[in-house]
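A.B. asks: Sharing a model that was predicted from the sequence below.
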Amino acid sequence: MSQELLDLIAEKINTLQGADTIEEAKLNFHKPMIILASQNWDLNTVNVLRTDEFLQFDFLSCVSAIDYEEHMEVIYNFYSTTLDHYLYVKVKTPRGNPVIISLEPVYKAADYMEREIYDLMGIDFTGHWNLKRILLPDEWEGHPLRKDYVTDKKALGLD
Amino acid sequence: MSELKTETMTLNMGPQHPSTHGVFRLKLEVDGEHIVNAEPVMGYLHRGTEKLAENFLYTQFIPYTDRLDYMNAMTNNYIYCSAIEELLEWEIPERAEYLRVITMELNRIASHLVWWGTYLLDIGAMSPFLYAFRDRETILDRLNEISGARMTFTYHRIGGVKWDAPDGWLAKVQETVKELHENIQEFHTLVTGNEIFQARTIGVGILSKEKVINWGLSGPIARGSGVNIDLRKTAPYCIYDRFDFDIPTEKEGDVYARYKVRVAEMFQSLRIIEQACEQIPEGEIITKKGKRIMMIKPPAGEVYRRVEASKGEIGVYAVSNGTNKPYRIKLRRPSFVNVSILQDLLKGESIQNLVAIFGSLDVVLGEVDA
Amino acid sequence: MDVILMVVYAGIVMNLLLGGVTFAILFERKVIGYMQLRPGPNRHGPWGLLQTIADVTKLLMKEDIIPNEADKKIFVLAPVLAFAPAFAVFAVLPFTENLSGADLNIGILYILGVSSITMLGVLMGGWSSNNKYSLLGSIRGIAQMVSYEIPLVLSVLGIIVLVGSLNLRDIVGYQESIGIWFIIPQFLAFIVYFISSIAELNRSPFDLPEAESELVSGYHTEYSGFRFAFFMLAEYTYAIAISALATILFFGGWLGPAFLPGIIWFLLKMAAFMFGWYWLRATLPRARVDHLMNFGWKVLIPLALLNIVITSIIKVWMGG
């Protein structure tokens, strides 16, 4: 079941974006996961995931970001309320200038979650209507969840 | 007569305000009592929980999950532990799973009770608050007896639970369930049929099904709008598939529908506890490997796990690199996602409706700000 | 000589009133406490009898704070203006057959007229505080009090039609002569009076001007210390005045079986009337502004008018 779904998704995206768009497609704990680069991740693809009659991923459950030393990843967890299946989408972006398109125009759920990632991880989401810090003060410097972030204890009055 | 010239004014509701339930600020642009624009401002309670996780052993992070949604700490404990267990691919002892279900459901009722009381307080009725806290107190006593804490339990551990139920505890729980049954029934006579209450809630803050799904709202808010999703039923985790219970849903999508869903949910939780107390087997409460906390080293990998908390869908994205500290823990906090609808929902409402709508979302700031 | 007597009487009433307010507050807190599964105040004095005194002492000893941005003169004047008319009402209230201040033959007109001035205190307090919550609270308060003043006055008209006098003593006398309290022949009027009195006093469930969960504390958000105490005093004095008036109009004032003196009957009836308010406060959620306005203008006023029509017809039919 999951394997079939994975094949179907891979096929849809490959026809849309050209072959070899998907870097890797696998099952992660029995759920399909696809990995692609940020330049191949656009709103067309997202719309296909959302509206295709066999996919119908209408619920964006979670957006997470991970900082690996060599690149950054944003992971979208989709769920289909009508067909009851899941999908992980991993989008890779270079660490120097992390930019990914925003899903906010399609999924409103992405609004706050992308702002949070922008705030804590410093990934730019292009097309977001209101991309600014959400948890930290506006004048905060740096993005704490990055692995190379140094906590300035003196400035915070902790030392 | 010439047109009267009027101006809107900015009203900062919060961070200290009786009905923002914590340190939450709403920057309102009001025209008299009508809201032209609303901008939620948050982060006053941000503690960098996700960053902290990266510096601890896997087990050491559990107390921090208590402090997210402090009204419903059991489920937070559970989601974190179960995500790590999934990475480890451990089998959990039966008895531990039952104890987890009982504590989680008791905690869910306690959380809904607090919501019920404070919500009515927002609406302007004071007595329900004290009735709700009477019942919540008995639940907290039960949870205190098993975990040693009233709100920040840290009861669930990776691989099981920390303490076994003390002698006679299950019988006490069954008694509590009976008592709660009667008392919660009383809530209906106290409030549900009240005309003023209905006038203030019916038709207020309507959310359509499409909106709910698109905004990623979950929990009682979604079920109040006819989205029939409860992860305990649609994607059973733990041992929820062994119990017989219903998912209360309402179609209207207004504040009153959310109210009805939450009250009905309390009864369903009672049903689950009743069944669990009868079925619970004897046996181990934690796996052997779970006791050696320095040695908990999940193999490199990542997993996203989501369960149904009292506020909605809570999720953990756990990434391991094979050491005994997590590489990254991402928390999907239901309140954080649910609160995002405010900017859309409040436009054009009055200040009085604002209180009714905001309260109906059941937001806990510890969770919003992480 | 008369002047001295008047001053003495006012002094006595003032002191009794302070005591009355003290225990009205305690009574309210106890009643609500028991309705809410808790004992209510019980720390100060036996049965918490000294609780309010302790509260007032605390308020009086607090620093007097006037916000920098406030309009000082008006800010200071507002609590006084809220209290004075509520107190002035007591000049004409007859507590027993013999015990009363001025025996005014337009007593009821005087009461209704003077008590409206309280509204100014609310408006001035809210406006001068220079606080947005206060402003919203006072706007709500004025709208509500103006709207509910009308059904309150109209509900009294039926009684005046029946009695044919504006003198409060005559009204009680009439009830004695027909042998029945007005609550029975004028039940509709009583309901209207009861509901509009709650709104007039900004009490729950119509406590919109002070709605804590919305407007923090409404028009007196910026008040503290003895100025705040003054507002509270004004509120309860007015409440006592309104319930005293209700006692005279609907419950036959000091009338009652002879085993208790008239003044006791009067106080008991007042307490019973106030208990009704407390009961509602412990039971009902707060109404919404638009519902409140609709209810006042579209339900209460027509009902009160209907009552006048019915009463007039009966009066004519009975042969005026």
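C.D. replies: It's in. Numbering: from 1, shown residues only, chains lettered A, B, ... in the order given.

A.B. asks: Residue 108 - nearest residue in space that isn't next to it in sequence?
C.D. replies: Using chain A here. Excluding its sequence neighbours, the residue lying closest to A:Lys108 (CB to CB, 6 or more residues apart in numbering or on different chains) is B:Trp215, at 4.5 Å. In this view, the C-beta of every residue, glycine as well, is placed from N, C-alpha and C.

A.B. asks: Chain C was what I was after
C.D. replies: Using CB to CB, 6+ apart and skipping residues adjacent in sequence, the residue nearest C:Ile108 is C:Leu166, 5.0 Å away.

A.B. asks: Show the contacting residues for that neighbour.
C.D. replies: C:105-109, C:160 (CB atoms under 8 Å, 6 or more residues apart in numbering or on different chains).

A.B. asks: Low-confidence ranges, chain C, go.
C.D. replies: C:211-213, C:320 (pLDDT under 70).

A.B. asks: how about the residues of it near chain B?
C.D. replies: C:32, C:35-38, C:132-133, C:136, C:139-140, C:204-205, C:207-208, C:211-216, C:281-291 (CB under 8 Å from any CB of the partner chain).

A.B. asks: what separates whichever residue of chain A sits closest to chain B from chain C, distance-wise?
C.D. replies: The minimum distance from chain A to chain B, using CB to the nearest CB, falls at A:Ala109 (2.6 Å). Distance from A:Ala109 to chain C, counting by CB to the nearest CB, to the nearest Å: 29 Å.

A.B. asks: picking that back up, ChimeraX command to pick out the buried ones of the contacts of C:Leu166?
C.D. replies: Buried residues within those, by 16 or more other CB atoms under 10 Å in any protein chain shown, are selected in ChimeraX with:
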select /C:107,108,160
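
A.B. asks: re the thing from before, need phi/psi at the residue nearest to A:Lys108.
C.D. replies: phi -80, psi 0 (degrees, to the nearest 10).

A.B. asks: repeat for the one 10 residues further on
C.D. replies: Main-chain dihedrals, B:Ser225, degrees, to the nearest 10: phi -100, psi 20.

A.B. asks: isn't it right up against B:Val212?
C.D. replies: Yes - assessed by CB atoms under 8 Å, B:Ser225 is found in contact with B:Val212 at 4.6 Å.

A.B. asks: Low-confidence stretches in chain A?
C.D. replies: Within chain A, the stretches with pLDDT under 70 are A:1.

A.B. asks: Now do the strands in it.
C.D. replies: Using DSSP state E, the strands of chain A run over A:22-28, A:31-37, A:59-67, A:71-79, A:86-94, A:99-101, A:124-126.

A.B. asks: Is C:Gly40 in a helix, a strand, or coil?
C.D. replies: coil (DSSP: H, G, I helix; E, B strand; the rest coil).

A.B. asks: Can you report how many residues neighbour it?
C.D. replies: C:Gly40 has 18 neighbouring residues, counting by other CB atoms under 10 Å in any protein chain shown.

A.B. asks: Which residue is the nearest non-sequential neighbour of it?
C.D. replies: Once flanking residues are discounted, C:Gly40 sits nearest to C:Gly33: 2.6 Å by CB to CB, 6+ apart.

A.B. asks: What helix or strand is the one you found located in?
C.D. replies: Per DSSP states H and E, C:Gly33 falls inside helix C:2-35.

A.B. asks: If you check chain C against chain A, which residue is the closest one?
C.D. replies: Nearest residue of chain C to chain A: C:Lys132, at 23.7 Å (CB to the nearest CB).

A.B. asks: Surely that residue and B:Met9 touch.
C.D. replies: Yes - with contact defined as CB under 8 Å, C:Lys132 counts as touching B:Met9 (6.4 Å).

A.B. asks: So for the two, which residue has more residues nearby?
C.D. replies: The residue with more neighbours, out of C:Lys132 and B:Met9, is C:Lys132; 18 against 14, by other CB under 10 Å.

A.B. asks: Identify the spatial nearest neighbour of the residue in the stretch 151-300 of chain C that chain B sits nearest to, chain neighbours not counted.
C.D. replies: Here the residue of the stretch 151-300 of chain C nearest chain B is C:Arg286; by CB to the nearest CB that distance is 2.5 Å. In space, and not counting its chain neighbours, C:Arg286 is closest to B:Gly124: 2.5 Å by CB to CB, 6+ apart.

A.B. asks: before we move on, what about C:Asp170?
C.D. replies: In space, and not counting its chain neighbours, C:Asp170 is closest to C:Val163: 5.9 Å by CB to CB, 6+ apart.

A.B. asks: do A:Asn44 as well
C.D. replies: Nearest to A:Asn44 is A:Leu16, by CB to CB, 6+ apart, at 6.3 Å.

A.B. asks: Alright, calling it a day.
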